[in-house]
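>>> here is a sequence with its predicted model. Questions after.
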Amino acid sequence: MIDRVVTSGTFSLDGGTWEVDNNVWIVGSAGEVLVIDAAHDAGAIAERVGDRRVTAIVCTHAHNDHINAAADLAARVDAPILLHPADRVLWEMVYPDRPYTSLQDGQVLSAGGVELTVLHTPGHAPGAVCLYAPELGAVFTGDTLFQGGPGATGRSFSSFDTIIESITKRLLTLPPKTVVHTGHGDSTVIGEEAGHLDEWLARGH
């Protein structure tokens, strides 16, 4: 089961602030789920979760718009917050004194019988990860891959060359029909995005 809540707020980095709508993904079963990217509105996320048990709150990366409801949601649903440690510097901009549980590449998370494998995909952020659920035919990419191309790399702690390498080696190697559930906007499929790699490279940085 895959559910989505769209929440709205702001993203701030490098002295700028932008209005954003975020996809919050809830994955699992009728009894147990995990939440991917607790953004902006813990109340709305908790309401959609309902009485299901939350095994974890997983952060695809630590930009503030993807984690700013994580602590509140964790308190409401009594679940750990998981983040790749390479994003510690970004995490501490929002939560200077709040611990998290470290995610590792290749780690398998489970909720309601669904297994999701952690793929470390740096570039948009040093600790960016995607979560691949083969039995669902889906990958949750945060801000690493969108419909139409890679995530932004024009701000601190990001790299265009690194995100292209991550997408090429970790995502475009997945089955072409794999549905890509993104951190913002509409979903896409791996096969559709793979056909545009040369265009992304030509656009460059």
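Thanks, I have the structure now. Everything numeric in this text was worked out from a predicted model, so none of it was measured. Residues are numbered from 1 along each chain as shown.

>>> the residue nearest to Ala70 when sequence neighbours are not counted: neighbouring residues, count only.
Leaving aside its chain neighbours, Ala70 sits nearest to Ala38 (4.2 Å; criterion: C-beta to C-beta, 6 or more residues apart in numbering). For glycine as for every other residue, the C-beta is placed from the backbone atoms N, C-alpha and C. Close neighbours of Ala38, defined as other C-beta atoms under 10 Å, add up to 30.

>>> ok, Ala38 to Glu19 distance?
Ala38 sits 18 Å away from Glu19, going by C-beta to C-beta, to the nearest Å.

>>> buried residues of stretch 80-88, list them for me.
Buried positions in stretch 80-88, judged by neighbour count with 16 or more other C-beta atoms under 10 Å: Ile81, Leu82, Leu83, His84, Ala86, Asp87.

>>> show me what it is in contact with.
Under the contact criterion C-beta atoms under 8 Å, 6 or more residues apart in numbering, stretch 80-88 has outside partners 38, 56-59, 61-62, 67, 70-71, 74, 91, 98, 100-105, 109, 118, 120, 122, 125-129.

>>> for the chain, which segments count as strands?
2-13, 16-28, 32-36, 53-58, 81-83, 101-102, 108-111, 114-120, 129-133, 138-142, 145-146, 149-150, 179-182, 188-189 (DSSP state E).

>>> need those strands in CSV (columns: distance to Asp161 and mean pLDDT).
CSV is the format used below for the strands of the chain (distance: least, C-beta to C-beta, whole Å; pLDDT from 0 to 100):
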stretch, distance to Asp161, mean pLDDT
strand 2-13, 20, 97
strand 16-28, 23, 97
strand 32-36, 26, 98
strand 53-58, 26, 98
strand 81-83, 23, 98
strand 101-102, 25, 98
strand 108-111, 29, 98
strand 114-120, 16, 98
strand 129-133, 18, 98
strand 138-142, 18, 98
strand 145-146, 15, 96
strand 149-150, 11, 94
strand 179-182, 21, 98
strand 188-189, 22, 97
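
>>> and the ones you listed as a markdown table, adding distance to Glu47?
Formatted as a markdown table, those follow (distance: least, C-beta to C-beta, whole Å):
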| stretch | distance to Glu47 |
| --- | --- |
| strand 2-13 | 8 |
| strand 16-28 | 11 |
| strand 32-36 | 12 |
| strand 53-58 | 13 |
| strand 81-83 | 19 |
| strand 101-102 | 25 |
| strand 108-111 | 18 |
| strand 114-120 | 21 |
| strand 129-133 | 23 |
| strand 138-142 | 21 |
| strand 145-146 | 27 |
| strand 149-150 | 33 |
| strand 179-182 | 20 |
| strand 188-189 | 28 |
